[in-house]
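*Asks:* Structure for this input, please:
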Amino acid sequence: MSKKSRGSQAERELVHLFWDNGWAAFRAAGSGSVKYPVPDVIAGNAARKLAIEAKITTSNVKYFTKEEVDDLQSFCTRFGCESWVAVRFFRKAWRFVALDDLRRTENSAVLSLEDAERKGLLFEELIQ
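*Replies:* Numbers count the residues shown, from 1 in each chain. Alright, predicted model coming up:
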C-alpha cells in the first residue's frame, strides 16, 4: 500500500471514529493539493468544531512542515474552529495534540511519541 493510500485510510478511520461516537465528520476534499489551507478532517457536533491534520508514522517522531501548521491555523481562524494534529504512531492509539504543544523549529514542528503521550489526548478524551 502506498504512503498516500495509508494516509487516506487513516483519515477515513478518524471519520468513522467520530461518526461512531455521535459526531459528524468528513475528509476535506483536496487537502494538501489545493492552493487554499484545507485540513485533512473536519469534525463537529452541536457544541464543538474541530479541524484536524492527521498523520500516521512508523517512527517515534513525526515532523510537520511550517506550511502545514500555518495552513491549519489559518483555516481555523477563518472557520472559527479548534485546531488539532492527530498522530497515530506505530501500534499506538491516536493522539490529538494542540498546535501550541508541538515543538517548533525554524522550518517545521515536531511531535515525538513521548510528547504525544504526555501532552496529547486520546480520542475518548478529545470528544468529551
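*Asks:* what about residue 50, which SS state?
*Replies:* strand (DSSP: H, G, I helix; E, B strand; the rest coil).
*Asks:* what separates the helix or strand harbouring residue 78 from the chain centre, distance-wise?
*Replies:* Of the helices and strands defined by DSSP states H and E, residue 78 is found in helix 66-79. Centroid displacement of helix 66-79 relative to its chain, using C-alpha atoms, centre = their mean, to the nearest Å, is 12 Å.
*Asks:* can you tell me the average pLDDT over the helix or strand just after that helix?
*Replies:* In the C-terminal direction, the helix or strand that comes right after helix 66-79 (DSSP H and E) is strand 82-89. Taken as a whole, strand 82-89 has an average pLDDT of 98.
*Asks:* what does stretch 38-56 give?
*Replies:* 97.
*Asks:* Alpha carbons only: can I get the lowest-mean-pLDDT helix or strand in the chain in PDB?
*Replies:* Using mean pLDDT, DSSP states H and E, the weakest-scoring helix or strand in the chain turns out to be helix 3-20, at a mean of 91. This file holds the C-alpha atoms of helix 3-20, laid out as PDB (Å, rounded to 0.1, in the frame of the first residue of the first chain):
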ATOM      1  CA  LYS A   3       2.200   6.100   1.600                       C
ATOM      2  CA  LYS A   4      -0.700   8.200   0.200                       C
ATOM      3  CA  SER A   5      -3.100   5.300   0.500                       C
ATOM      4  CA  ARG A   6      -2.100   4.700   4.100                       C
ATOM      5  CA  GLY A   7      -2.700   8.300   4.900                       C
ATOM      6  CA  SER A   8      -6.100   8.300   3.300                       C
ATOM      7  CA  GLN A   9      -7.100   5.200   5.100                       C
ATOM      8  CA  ALA A  10      -6.000   6.700   8.400                       C
ATOM      9  CA  GLU A  11      -8.100   9.800   7.700                       C
ATOM     10  CA  ARG A  12     -11.100   7.600   6.900                       C
ATOM     11  CA  GLU A  13     -10.500   5.700  10.200                       C
ATOM     12  CA  LEU A  14     -10.800   9.000  12.000                       C
ATOM     13  CA  VAL A  15     -14.000   9.900  10.200                       C
ATOM     14  CA  HIS A  16     -15.500   6.600  11.200                       C
ATOM     15  CA  LEU A  17     -14.400   7.100  14.900                       C
ATOM     16  CA  PHE A  18     -16.200  10.400  15.000                       C
ATOM     17  CA  TRP A  19     -19.400   9.100  13.400                       C
ATOM     18  CA  ASP A  20     -19.400   6.100  15.600                       C
END
